[in-house]
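Asker: okay, predicted coordinates and the sequence, questions at the end:
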Amino acid sequence: MKHLLDRFNRVPLISVAPTPLEPMPRLSSLLGGARILIKRDDLTGLAFGGNKIRKLEFELGHQDLEAYDTLVTSGASQSNHARATAATAARLGKHCELVLERRIRDSSRAYRLSGNILIDHLYGAAVHHVDEGDVADKIDALVADLVKRGRRPLVIPPGASTTHGALGYVRCALEMAAQARAMGVSIDHVVLSVGSGGSQAGLIAGFELLGLPVTVWGICHGPPGDKRQLVFDILQNVAATLALKTETRACEIITESGQIGAGYGHITPAAQEAMTLAASLDGVLLDPVYTAKSMAGLIQLVRSGLIAPHETVAFLHTGGTPAIFAYANSLSPLQRR
Ligand SMILES: Cc1ncc(COP(=O)(O)O)c(C=O)c1O
């Protein structure tokens, strides 16, 4: 099946492939069942890893990189995608321009200066802060200005959730299935955070290609809480690119809204519990914005019986760990003294 992906160019960015698939035995036992595995895409390597690295491999592989000298992208102030793009630009010897949207009102020093933003600057990216809703206009103006100055910009869509970007998660599904087979288990469910949709769409396509009946649960970290159409549209494009006749209908895609709480970037008590359990029981660090909410979703699915004690669930760790430092004010017990 791997040969299907071999015909797509990929810029190699992942340091260690495949990323590990390992058990979380103590969380499993605390919850009284469901074998919990974790796919460590927080360990994709470049710039603290995460899912964007996998997507950028295929998205940039699809482009004529010689034609561009600057990567331009956007995200929230503490965007993991922006940080991954800044690192990728540096790795490829290109400039990087980031348009970062003020999506939450956290004026703490840590949020403004640490976490992903600090890393963006270390990679030499030019950072442009804009108010919510102003991203598209700013990108247009920025691109026009870059061109006027003789630069050759390539704009990467938010989250790199393009058709080719999503192929990174088709590859991840193939990897996970092979790793599970080698461990002698079969995966019944995968749980992951869903934002721009490329990771979930790629995984669904990958498991379909293999003919494996895996239920893929996308957990939303902010509104809208229904991303089925978004994921479905990417899935359709991925399927067409792979000449796969997908059986999945939009209404069968699962995007859960129960973990959103007060919204994007606002940590919930359930997410805080998930962070503490994963770290203290199995030594896994989660980020407060994405993976803590998706792990809270997994815990809820096991507790409610929707994932049964005899089943195997793989949690996809999509990265984001630098944001822990940006959220020091709300996370650190020392701050509360
Ligand atoms: C750490 C992390 N996990 C999950 C996601 C969501 O992934 P996707 O955009 O592929 O849906 C993002 C990006 O928004 C992210 O930064």
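Answerer: Sure thing, it's come through. Only a predicted model underlies this, so the values are computations on that prediction, with no experimental measurement involved. Residues are numbered from 1 along each chain as shown.

Asker: flag every buried residue along the longest helix along the chain.
Answerer: With secondary structure taken from DSSP state H, the chain has its longest helix at helix 163-183. Within helix 163-183, the residues scored as buried using 16 or more other CB atoms under 10 Å are 163-177, 179-180. C-beta coordinates here come from the backbone N, C-alpha and C atoms, glycine included.

Asker: likewise for stretch 248-255?
Answerer: So for stretch 248-255, counting by 16+ other CB under 10 Å, buried means 248, 253-255.

Asker: also within reach of the ligand: list those from these.
Answerer: For the ligand, no contacts are drawn from these by CB under 6 Å from any ligand atom.

Asker: looking at those, which is nearest the ligand?
Answerer: residue 255 (9.6 Å; CB to the nearest ligand atom).

Asker: and the strands in the chain?
Answerer: 21-23, 35-40, 70-76, 95-102, 126-131, 153-155, 189-194, 215-220, 254-256, 312-317 (DSSP state E).

Asker: sheet partners, orientation included, of the fifth one?
Answerer: Going back to what we said before, that points to strand 126-131. Note on strand 126-131: by DSSP bridges, its sheet partners are strand 95-102 (parallel).

Asker: and the gap between the nearest residue to residue 297 once chain neighbours are set aside and the ligand?
Answerer: Sequence neighbours aside, residue 219 is the residue nearest to residue 297 in space, at 3.6 Å (criterion: CB to CB, 6 or more residues apart in numbering). In this structure, residue 219 and the ligand are 9 Å apart, going by CB to the nearest ligand atom, to the nearest Å.

Asker: thought residue 195 was touching residue 219, still the case?
Answerer: No: using CB atoms under 8 Å, residue 219 is not in contact with residue 195, being 10.1 Å away.

Asker: quick one, domains of the protein?
Answerer: 2-52+161-336, 66-160 (automatic domain parsing).

Asker: how about the ones you listed in TSV, adding mean pLDDT?
Answerer: Below are those laid out as TSV (pLDDT from 0 to 100):
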stretch	mean pLDDT
domain 2-52+161-336	96
domain 66-160	96
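
Asker: between those, which gets nearest to residue 58?
Answerer: domain 2-52+161-336 (4.3 Å; CB to CB).

Asker: the residue of the stretch 1-150 of the chain found nearest the ligand: neighbour count?
Answerer: Nearest to the ligand, among the residues of the stretch 1-150 of the chain, is residue 80, at 3.4 Å (CB to the nearest ligand atom). Per other CB atoms under 10 Å, the neighbour tally for residue 80 reads 30.

Asker: same deal with residue 261?
Answerer: 16.

Asker: for it, phi and psi?
Answerer: phi 60, psi -130 (degrees, to the nearest 10).

Asker: now do residue 94
Answerer: According to degrees, to the nearest 10, residue 94 has phi -120, psi 160.

Asker: what about it, distance to residue 296?
Answerer: The gap separating residue 94 from residue 296 is 37 Å, by CB to CB, to the nearest Å.
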